[in-house]
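S.K.: Based on what follows, work out the 3D shape:
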Amino acid sequence: MIAKLKTSATRYKEYLSNSSWIMAEKILNMGIAFFVTIFVARYLGPEQFGILSYAISLVALFASAGHMGLGGLVVREIVKHPDQRAETLGTTFGLKFLGFLIGFILLILFAFLSEEIGSTGFWVMIIVASSMLFQSSSVISFWFEAHVQAKYSSIANTLAVLTSSALKITLVFSGAGLLLFAFASVLQAAVTAIVLVIFYHRFANVSLSEWKASFQRAKELLSQGWVIFLGSIFAVIYLKIDQIMLKWLAGAEEVGVYAVAASLSEAWYFVPTAIVASFFPRLIKLKESNEAQYSLRLQQLFDLLFILALVVAVVVSLFAQPIILLFFGEAYADSAVILTIHIWAALFIFMRALFSKWILIEDALMFSLITQGFGALANVGLNLLLIPHYGGEGAAIATLISYAMASYISLLFYKKSRPVFWMMSKAMLSPVRYPLTYLKGKR
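M.R.: Alright, predicted model coming up:
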C-alpha cells in the first residue's frame with residue numbers, strides 16, 4: 001500500500017506541485033481579501049459597499065465579452081499543437097483585447113443610461129470598468145497552465161492582491177471617499193498584467209515578439225469556442241445577476257449585505273479550479289491513451305471535489321452567524337442567514353469545475369451552452385420571484401437552485417452527459433462509500 005502511494009506521488013509530483021502553488025496562492029489571497037473586506041465593508045457601510053459591489057458585478061458581467069470561450073480551449077491547443085503556440089497566443093490576445101474593449105465601451109454606455117451622470121455610482125462604475133483594459137493579459141496564464149507552471153501566475157496574482165489590499169487599508173485609515181476604493185480594482189488588474197508580462201518574458205521559450213495574430217486561426221478558435229463563449233456569458237449571468245437584480249429590486253444597502261455573504265461563500269470556489277486546472281493536461285492525455293484510467297480519474301476527482309465542498313458547506317453553515325457578527329458587526333447581521341443558504345451552492349460549483357473540463361475533452365460544447373443558459377434563465381426567473389418577498393435570502397435560494405439545475409440535474413437529460421450525472425451522484429455518496437469500502441477491507 002505504501003509502495004503504491006509512493007509510486008503515485010512520484011508519478012503526479014509535477015501536478016501536485018502545480019496544484020499546491022495554486023492552492024497556496026488562493027488561500028493566501030483569500031485570507032488577505034477576507035480581512036481587507038472586513039475593513040472596507042465596516043468603513044463604507046452596507047449602502048456604499050453595495051454601490052461598489054454592484055459596479056464590480058457589472059464589470060464581471062460585461063467582461064464576459066472578453067473571455068471568448070478561449071480559456072480551456074487555448075490550453076488544450078497549446079498542449080496538443082505545440083508547433084502553433086505563437087500563432088495561438090497572438091491570435092488569442094487579439095481576440096481577448098477586442099472583446100474586453102467592447103465590454104468596456106458597452107459598460108460605459110450602460111452607466112450613462114442607468115445612472116445619474118456625475119453621481120457617485122456613475123463614477124464608481126466608470127472607474128471600475130477600466131480594469132477590463134488590462135485583462136487580456138490572462139492569455140499568459142493559459143501558457144503557464146498548459147506547461148504546468150502555475151507558480152508564475154500565482155505569484156503575479158498575489159503581488160497584485162497585496163498591492164491593491166495595501167491601498168485599500170491605507171484609504172480606510174486616511175478616511176478616503178468611495179471613488180478611491182474603485183481605483184483599487186484597477187490597480188490590481190494592472191499589477192497582474194505587468195507581472196505576468198515580466199514572468200513570461202523571463203521564463204517562456206516563445207517570446208512576445210514571436211506572437212502573431214491570424215485571421216484564419218481566429219476563425220478556427222472562435223468556431224470551436226463560440227459555444228463556450230456564450231456559455232460563459234450565461235455562467236456570469238447566473239453568478240453575478242443576483243447582486244445586479246438586488247440593486248434594481250431592493251436597493252444598494254441590500255446589495256452590500258448580500259455581497260458580504262456571497263464573497264465569503266464564493267471565496268472557496270478557487271479550490272476546485274486549482275485542482276482541476278492542474279490535472280486538466282493529464283486528463284487530456286489519458287482520454288487519448290487509456291479510457292478506463294480516464295474514467296477512474298474522473299470519478300476520483302468528482303469524489304474529492306464533493307467531499308471538500310461538503311466539508312466547507314457544513315463548517316461555514318455552523319459558524320456563519322458568529323463570523324459575520326464578529327468581523328462585520330451588527331450592520332451586516334442579515335448576511336449570516338444568506339451565507340448559510342448560499343454556501344451550499346458549493347456542492348454543485350465544485351463538481352461543475354471538473355464537468356467544464358470534461359465538456360472540452362469530450363467536445364460536448366453545445367451542451368455547455370444549454371446548461372449555462374438554462375441556469376441563467378432559472379436564476380433570473382427565481383430572482384424576479386423571490387427577491388421582492390425575501391430580499392437577499394431569496395437571491396441566495398435562487399442561486400442555489402439554479403446551480404443545482406444547471407450543473408447537475410440537467411446532465412440527466414442528455415445521453416452523452418448522463419454518465420457524468422451518475423458519476424456526480426456516486427460522488428454524493430462518497431462520504432458513505434469510502435468508510436464502507438474501508439470497513440470491508442478490514443474484514
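S.K.: and Phe142, what is it in contact with?
M.R.: 70-71, 74-75, 78, 89, 92 (C-beta atoms under 8 Å, 6 or more residues apart in numbering). Every residue, glycine included, has its C-beta placed from N, CA and C.
S.K.: Could you do Ala353 as well?
M.R.: Contacts for Ala353 (C-beta under 8 Å, 6+ apart) come out as 269, 272-273, 275-276, 305.
S.K.: Just put the contacts of Phe142 in TSV and tack on pLDDT and secondary structure.
M.R.: Shown next, in TSV, are the contacts of Phe142 (pLDDT from 0 to 100; DSSP: H, G, I helix; E, B strand; the rest coil):
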residue	pLDDT	secondary structure
Leu70	71	coil
Gly71	68	helix
Val74	78	helix
Val75	78	helix
Ile78	77	helix
Leu89	84	helix
Thr92	84	helix
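S.K.: quick revisit: could you provide the contacts of Ala353 in a markdown table, with additional columns for secondary structure and pLDDT?
M.R.: Shown next, in a markdown table, are these (DSSP: H, G, I helix; E, B strand; the rest coil; pLDDT from 0 to 100):
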| residue | secondary structure | pLDDT |
| --- | --- | --- |
| Tyr269 | helix | 84 |
| Pro272 | helix | 89 |
| Thr273 | helix | 82 |
| Ile275 | helix | 84 |
| Val276 | helix | 87 |
| Leu305 | helix | 95 |
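S.K.: Let me have those residues in CSV, adding distance to Phe62 as columns.
M.R.: What follows is those, written out as CSV (distance: C-beta to C-beta, whole Å):
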residue, distance to Phe62
Tyr269, 20
Pro272, 25
Thr273, 22
Ile275, 29
Val276, 26
Leu305, 30
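S.K.: Most neighbours among these, please name it.
M.R.: Counting neighbours by other C-beta atoms under 10 Å, Leu305 comes out on top of the contacts of Ala353 with 26 neighbours.
S.K.: Chain neighbours aside, what residue packs nearest to that residue?
M.R.: Sequence neighbours aside, Phe350 is the residue nearest to Leu305 in space, at 4.2 Å (criterion: C-beta to C-beta, 6 or more residues apart in numbering).
S.K.: who touches that neighbour in this structure?
M.R.: Neighbouring residues of Phe350 by C-beta under 8 Å, 6+ apart: 269, 271-272, 305-306, 308-309.
S.K.: Spatially, which two of the residues you listed are the most separated?
M.R.: Taking C-beta to C-beta as the measure, those span a maximum distance of 14.3 Å, between Tyr269 and Phe306.
S.K.: Would you pull up how far the helix or strand containing the residue nearest to Leu305 lies from the middle of the chain?
M.R.: Per DSSP states H and E, Phe350 falls inside helix 346-362. Once both centres are worked out by C-alpha atoms, centre = their mean, to the nearest Å, helix 346-362 turns out to sit 12 Å from its chain's centre.
S.K.: Past it, which element shows up next along the chain?
M.R.: Next along from helix 346-362, by DSSP H and E: helix 365-407.
S.K.: in the next helix or strand after that following helix, what's buried?
M.R.: Scanning forward in sequence from helix 365-407 by DSSP H and E, the next helix or strand is helix 418-428. When burial is assessed from 16 or more other C-beta atoms under 10 Å, helix 418-428 yields the following buried residues: 420-421, 423-424, 427-428.
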